[in-house]
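Peer 1: predicted model and sequence below, questions to follow.
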Number of protein chains: 2
Amino acid sequence: MYDICVVGFGAIGTLYSLVLERSGKARVTAVCRSNYRVVVDHGVDIVSDKFGQESAWRPYRVVSTPEEAADRDYEFIVCCFKALPDIIPTPALIQPLLNKSKAFVLLQNGIGIESDLQEASPHATIISGCCWIDTTAVDNGRKVLHSSLEILTLGYHRSQALHETNQLALDRFVELLRQGNSTPEPTSNIDAERWRKILWNASFSTLCTLSRAPVSDLLRKDVISSTMPVIRGLMTEVIRVARAAGIDNNELPDAAVDKTIELTVEKYGEDPTGVKQPEYFKPSMTVDLDARRPMEVEVIVGGIIRRARKLDVPTPQLDLVYASLRVLQLAILEDVPRVRSGPV
Amino acid sequence: MYDICVVGFGAIGTLYSLVLERSGKARVTAVCRSNYRVVVDHGVDIVSDKFGQESAWRPYRVVSTPEEAADRDYEFIVCCFKALPDIIPTPALIQPLLNKSKAFVLLQNGIGIESDLQEASPHATIISGCCWIDTTAVDNGRKVLHSSLEILTLGYHRSQALHETNQLALDRFVELLRQGNSTPEPTSNIDAERWRKILWNASFSTLCTLSRAPVSDLLRKDVISSTMPVIRGLMTEVIRVARAAGIDNNELPDAAVDKTIELTVEKYGEDPTGVKQPEYFKPSMTVDLDARRPMEVEVIVGGIIRRARKLDVPTPQLDLVYASLRVLQLAILEDVPRVRSGPV
């Protein structure tokens, strides 16, 4: 039986804890932060088209801090919290756990999210994953809703020295997910996958956030002539930075821009016949802003911007988005002590 | 005694009505819209460092619609309402007054605000002015506050055919303002002045609006490294469009970018010694958004964008600002019937 520590027990942390335990080969110590009492007192109701229903589900063990979790070694430490390096970097947040495992898994958004952890644990395997998943925690974390969409692309970050160890860890984690009825997609180039995912987050997510709007509002006929060139412009800048960072056209084709836009318009765009209402969906960054919670500005936009500056790629539109989001984030961070009592 | 009609009786309309009547040579018919009852029942208290105090002041005549005002001819029709062509174009708004005067004065923000009026009244003189003024209506329009800052640059829009008539009208209007103790600055190139003013509005105003922040928040040390290049980038795009539109370096020097930033930082920036608190000021566009009132998106950013497309000047950062503001504006406009009962 593998011991696995899952840090951050929101919708994603809960679902993957369930999957891992369902493998029959792992038991999960969940580090719950804001929802510790809810999980201990009530458990979590899970309603998922893909994974079925669970009532008042709890993992093997629930703790409220990384310190408490640090009483044993783990096969994997899985990070499912929002990545907010402008508040606390990952290595600082999970500091008591740093020497409790040789393998970390980051199920988080962003570009460059592995760097500080790799620096803090140079000999650890760092696997990271891009989740395309439509899940949300409601009712103060007592319930997790999930549709049937769940794609998780996983790979380890490039480190030739640890190649065999890394591959072993990746294989093992993927196997556990499969046995738990998830459908992970291992990849040999997780960096390219991260750039592919950031394509959407850096364009649709950010423009929705500045406009405080659901995705469908950007695609309405009254404004689409203004928004679409901007969405495309932002994506094009992302691709340019990715190219300079060594991701070539085979790994992330230029055509991904059109493809991403096309899929989004299909799902959230106006139906010209007016018969079908577009789906209502706000990106998590927009939801965070609405709720005055810190947004993943630094890992989503900041990571690209820093890479771009280093590689000397101009990114005028991403710069504007980043500047506006940083001002918004600053106001939220200064509100934090006033509106939140638990740990961030 | 000149009859003058002032349409829109907010802070600017009220102050210039006072100035015009104080000339001793004009009487003002004010078309009050949302504040008609307030002005009729209570009058307006004016507290101005420059113009002194007036208690329960009312102009010669107060009406609630352009129709009511159209019972006579006017020497000038002065437009002081917010320019919102996406809701109603100026010629439509003042339609009953269109043939009641040969001279219109636009005390409004924006680029290209004179075009539709000139088209509707091809033989009219159109004077327009850029107000650099620090005034605000409070207490539901019962009180107008004003500091000592009041710079009003005025000129007529280029029309060689009407040159002498235009100049006469401009001289007359300027003379009335002077006699009322204002300090108008006539210019032979009001278009260049409009571009100079839009430099600030298209950069600081819009970035404040997207960030929901006062100007001082953009200049804080935590974010200024991100915001300042963007502010400069937006201004540079504006200058480029102005150049393509025929405004040369003598009329609006490149150095206006540095100068505008410098003045703004001086007034709203952080004092490194921390002794002086920066002044708190939100641009009117930001105030409008906070109050869910329609914003002057079309005349401030739209005007530049349309000119840029026509002249084939790329404006990636203005495009992004415009797209976001249009989505925000759309949501506000759809709210309008729900939150406002009076005319917009």
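Peer 2: Nice, thanks for sending it over.

Peer 1: and residue A:62, how far from residue A:88?
Peer 2: The gap separating residue A:62 from residue A:88 is 21 Å, by CB to CB, to the nearest Å. C-beta: built from backbone N, CA, C; applies to glycine.

Peer 1: same question for residue A:53.
Peer 2: 35 Å.

Peer 1: neighbour count winner among these two?
Peer 2: Between residue A:53 and residue A:88, counted using other CB atoms under 10 Å in any protein chain shown, residue A:88 has the larger neighbour count: 15 against 10.

Peer 1: now that one, what's its secondary structure?
Peer 2: coil (DSSP: H, G, I helix; E, B strand; the rest coil).

Peer 1: can you give me the distance of it to residue B:273?
Peer 2: Distance of residue A:88 to residue B:273, given as CB to CB: 31 Å.

Peer 1: ditto for residue A:218
Peer 2: Taking CB to CB, one finds residue A:218 at 44 Å from residue B:273.

Peer 1: now do the same contact list for the residue of the stretch 101-250 of chain A found nearest chain B.
Peer 2: Among the residues of the stretch 101-250 of chain A, residue A:211 lies closest to chain B, at 3.7 Å counting by CB to the nearest CB. Taking CB atoms under 8 Å, 6 or more residues apart in numbering or on different chains, we find residue A:211 in contact with A:217-218, B:323-324, B:327-328, B:331.

Peer 1: find the residue closest to it in space, skipping its chain neighbours.
Peer 2: The shortest distance from residue A:211 to any residue other than its chain neighbours is 3.7 Å, reached at residue B:327 (CB to CB, 6 or more residues apart in numbering or on different chains).

Peer 1: the nearest residue to residue A:299 once chain neighbours are set aside: neighbouring residues, count only.
Peer 2: Spatial nearest neighbour of residue A:299, excluding adjacent residues (CB to CB, 6+ apart): residue A:110 at 2.8 Å. Using other CB under 10 Å, residue A:110 is surrounded by 25 other residues.

Peer 1: could you confirm residue A:110 falls within a helix?
Peer 2: No - Residue A:110 sits outside any helix when classified using three-state DSSP, being coil.

Peer 1: quick one, what contacts it?
Peer 2: So residue A:110 contacts A:83, A:194, A:198, A:296, A:298-300, A:303 (CB under 8 Å, 6+ apart).

Peer 1: please render those as a markdown table that adds secondary structure to the earlier fields.
Peer 2: Conversion of the contacts of residue A:110 to a markdown table gives the following (three-state DSSP):
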| residue | secondary structure |
| --- | --- |
| A:83 | coil |
| A:194 | helix |
| A:198 | helix |
| A:296 | coil |
| A:298 | helix |
| A:299 | helix |
| A:300 | helix |
| A:303 | helix |
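
Peer 1: between those, which is nearest residue B:157?
Peer 2: Closest approach between those and residue B:157, by CB to CB: residue A:300, at 45.7 Å.

Peer 1: surely the closest one meets residue A:200?
Peer 2: No - contact between residue A:300 and residue A:200 fails when scored by CB atoms under 8 Å: they sit 10.1 Å apart.

Peer 1: more neighbours: which of these two?
Peer 2: Counted by other CB under 10 Å, residue A:300 and residue A:200 do not tie: residue A:300 has more neighbours, with 27 against 20.

Peer 1: residue contacts, that one?
Peer 2: The contact partners of residue A:300, taken as CB under 8 Å, 6+ apart, are A:109-111, A:198, A:201-202, A:205-206, A:285.

Peer 1: picking that back up, farthest-separated two in the contacts of residue A:110?
Peer 2: Farthest apart among the contacts of residue A:110 by CB to CB are A:194 and A:298. That separation is 14.7 Å.

Peer 1: what's the helix or strand for residue A:267?
Peer 2: Using DSSP states H and E, residue A:267 sits within helix A:256-268.

Peer 1: quick one: check that helix for contact with chain B.
Peer 2: No - judged by CB under 8 Å from any CB of the partner chain, helix A:256-268 and chain B are separated, with a smallest distance of 13.2 Å.

Peer 1: same question for that helix: list its buried residues.
Peer 2: Neighbour-count burial for helix A:256-268 flags A:256-257, A:260-261, A:264-265, A:268 (criterion: 16 or more other CB atoms under 10 Å in any protein chain shown).

Peer 1: report how many residues lie close to residue A:308.
Peer 2: Residues within reach of residue A:308, counting by other CB under 10 Å, total 22.

Peer 1: other SSEs contacting the helix or strand hosting it?
Peer 2: Assigned by DSSP H and E, residue A:308 falls within helix A:303-311. In this structure, helix A:303-311 makes packing contacts with helix A:224-244, helix A:316-339, judged by 3 or more CB pairs under 8 Å, 6 or more residues apart in numbering or on different chains; DSSP states H and E.
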